Every structure is written in structure tokens, then in C-alpha cells.
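Trainee: would you be able to build a 3D model of this:
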Amino acid sequence: MNLNKKITFASGIPGIIGLIFIFLIIYPLFNNIKKNSETFISQKRELALLEVEIENLKKFEKIYQTHYQNLEKIDKLFIEPEIPTDIIELVGFLRKIAKDSQISIDISSSTPKKQIAADPWPSITFQVALKGRLSNFEKFLEKLETSPYLIEILNLNIRRLTEKEVKPEEFEEFSLADSSISLLIKVFTK
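Mentor: Down below sits the predicted model:
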């Protein structure tokens, strides 16, 4: 072997060792660094998104706290028909405002909770029959309008009572100014 070939061969061995070193050690190392940096950037983005969400939740919590009482009041506007005490309280309220308005009241049983296609909220309806002076009906309707329940009057029929329609125990209080009102009211539910 001549000297040129020995020099070329001697200089080629470190080049081959260098290439092997690059492909077996440095390349996988850089590949690993690249993967880790991509993972790090992805996690950093996720962390930034989580921080934004946490900040939004804190803002929402502050807004919720400031409006909590109003939300409670709104929630109380709707009754829960599956809870008998809610229905009893509503009927008691209707009886109380009728008594305060000096009119007699008869409330028929409610219809089941239903969802009407045109109506976005579920509701129940009550048939309410009232007897008394027309001026007292006005008081009753005003109190019903300002009630703590979300109520809609669906049907209102008024007619003057005759002596034949008055019960004997009510005859002493009967006046020709007495009327009968029939209401169909819808009470919105949860």
C-alpha cells in the first residue's frame, strides 16, 4: 500500500467514525430535542388556554355572585309541579289574595305539566272561579299580577250573578253588583 492510499485510508476512518457518530448519537439526540421542544410548545399552549379559561371562570364567578340574589328570585318565579308543597303554596297564595280582596274562590285541580309546541316553557293550568264585587276582582287581579309566581291569564269570563246562583249562606252578603269570574291561569314551571 502506498503512502497516498494510507493517508486517504487513515483520513477516511475518522470521517466514517464521525458519520457513524453523527447518525447514531447526534441525529437521534437532535430528533429527541425537536420532539421534546414540540411537546413543550404544545403544553405551553395548553397551559395558556387553561389560564384563559381559569380567568374566564373567575370573571363568571364574580358575575354570578353579583347576580346570585336576582337568579334566586327568578328561580322562585317557577314552581316545581312534582313537589306538592309548591302547588299547595300556590293555591294558598291564591286563596289569601282572594280573601284579602273580599271575594270567594274555587280552584279546580291543575292540569299535568305540559310542553306546548308554541310555548317554550313548561306550565300547568288552573281553572279558578271567583264570586264577589267587580271592584274586588280588580284588587284580586292586581295582586295576581304582582304575585311571586310567573302567571299568565289565558281566559277571563265575567258575568253578573243572579239571586238563584247564590248559595243560601252567601245570600246575606249578596248584592246585585256581584259577579262571577272564571279564570284559566297558566303557571310556568321548572
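Trainee: can you pull out the residues in contact with stretch 134-151?
Mentor: Defining contact as CB atoms under 8 Å, 6 or more residues apart in numbering, one finds that stretch 134-151 is touched by 76-79, 90, 93-94, 97-98, 100-103, 130, 153, 158, 177, 179, 181, 185-188. Placement of C-beta: from N, CA and C, glycine included.
Trainee: also stretch 178-189?
Mentor: So stretch 178-189 is contacted by 77-81, 90, 110, 113, 121-134, 137, 144, 149-161, 165-166 (CB under 8 Å, 6+ apart).
Trainee: just the mean pLDDT for it, thanks.
Mentor: Averaging pLDDT along stretch 178-189 yields 83.
Trainee: got the buried residues for it?
Mentor: 178-181, 183-189 (16 or more other CB atoms under 10 Å).
Trainee: would you convert the residues you listed into JSON lines that also reports secondary structure and distance to Lys34?
Mentor: JSON lines is the format used below for the buried residues of stretch 178-189 (DSSP: H, G, I helix; E, B strand; the rest coil; distance: CB to CB, whole Å):
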{"residue": "Asp178", "secondary structure": "strand", "distance to Lys34": "92"}
{"residue": "Ser179", "secondary structure": "strand", "distance to Lys34": "88"}
{"residue": "Ser180", "secondary structure": "strand", "distance to Lys34": "87"}
{"residue": "Ile181", "secondary structure": "strand", "distance to Lys34": "82"}
{"residue": "Leu183", "secondary structure": "strand", "distance to Lys34": "76"}
{"residue": "Leu184", "secondary structure": "strand", "distance to Lys34": "74"}
{"residue": "Ile185", "secondary structure": "strand", "distance to Lys34": "71"}
{"residue": "Lys186", "secondary structure": "strand", "distance to Lys34": "67"}
{"residue": "Val187", "secondary structure": "strand", "distance to Lys34": "66"}
{"residue": "Phe188", "secondary structure": "strand", "distance to Lys34": "61"}
{"residue": "Thr189", "secondary structure": "strand", "distance to Lys34": "60"}
